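Undergrad: turn this into a model:
(chains A and B)
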Amino acid sequence: KQEVTQIPAALSVPEGENLVLNCSFTDSAIYNLQWFRQDPGKGLTSLLLIQSSQREQTSGRLNASLDKSSGRSTLYIAASQPGDSATYLCAVPGSNYKLTFGKGTLLTVNP
Amino acid sequence: NAGVTQTPKFQVLKTGQSMTLQCAQDMNHEYMSWYRQDPGMGLRLIHYSVGAGITDQGEVPNGYNVSRSTTEDFPLRLLSAAPSQTSVYFCASSYSFAASQPQHFGDGTRLSIL
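TA: Reported below is the predicted structural model:
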């Protein structure tokens, strides 16, 4: 059974810092991994999808990496801003048409 | 560019009542699904559909029904609401479940059962 873990559960940083969010998964037989952002009371917004054949995917100040062999992905946020404050979730698809999500990292960027 | 639209955004029901949560997407996506999000439990799959006329159960299907008569719509029905169904419900869609297709989520329906 696939399990996804995100560390840390919460992170508070001053504005301008570069930061890394971690995601680990137990079954490395995945074909992609997706990072989402969730604002309070809102839905999930897709940030990046990284294919199993890729090592990295970039969008603006965001960079996601994937190491299937070690079962890990990281989301790097450069030059953080208060508007980046949200919960960040990673998810991997399984063979039973289910996305398995981590519990998320609550990020607070302080002005 | 509407994406995935869920209605209503909020709903309060009494125990035993029934209701339908609506989900519509305008991206011609084949795959659609329903998740519930609960504190400490994360997101759990309720039901999913890989195309019109095809539905299947996820990990927490009890108390819920779905149908998929069109590609665009995937309603979720609560048959007899129970307090344990108090949750935030999200509908998601993608062109296909596999490979390079990201999942798109709606803004959710916040449901309280009294």
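Undergrad: correct me, but B:Met27 touches B:Ser96?
TA: No. With contact defined as Cβ atoms under 8 Å, B:Met27 and B:Ser96 do not form a contacting pair (11.9 Å). Any C-beta I mention is one placed from the backbone N, CA and C, and that applies to glycine too.
Undergrad: what's the closest non-adjacent residue to B:Met32?
TA: Leaving aside its chain neighbours, B:Met32 sits nearest to B:Phe74 (4.1 Å; criterion: Cβ to Cβ, 6 or more residues apart in numbering or on different chains).
Undergrad: for that neighbour, list the residues it contacts.
TA: Under the criterion of Cβ atoms under 8 Å, 6 or more residues apart in numbering or on different chains, the contact partners of B:Phe74 comprise B:Cys23, B:Ala24, B:Gln25, B:Met32, B:Ser33, B:Trp34, B:Ser49, B:Val66, B:Arg68, B:Cys91, B:Ser93.
Undergrad: out of those residues, who's nearest chain A?
TA: B:Ser33 (7.4 Å; Cβ to the nearest Cβ).
Undergrad: next one: the residue lying farthest from the centre of chain A from A:Pro8, what distance?
TA: Largest separation from the mean C-alpha position in chain A: A:Pro111, at 22.6 Å (Cα atoms, centre = their mean). Distance, A:Pro111 to A:Pro8, by Cβ to Cβ, to the nearest Å: 21 Å.
Undergrad: without its sequence neighbours, what residue ends up closest to the most centrally placed residue in chain B?
TA: Taking Cα atoms, centre = their mean as the criterion, B:Trp34 is the residue nearest the geometric centre of chain B, at 2.9 Å. Spatial nearest neighbour of B:Trp34, excluding adjacent residues (Cβ to Cβ, 6+ apart): B:Ile46 at 4.3 Å.
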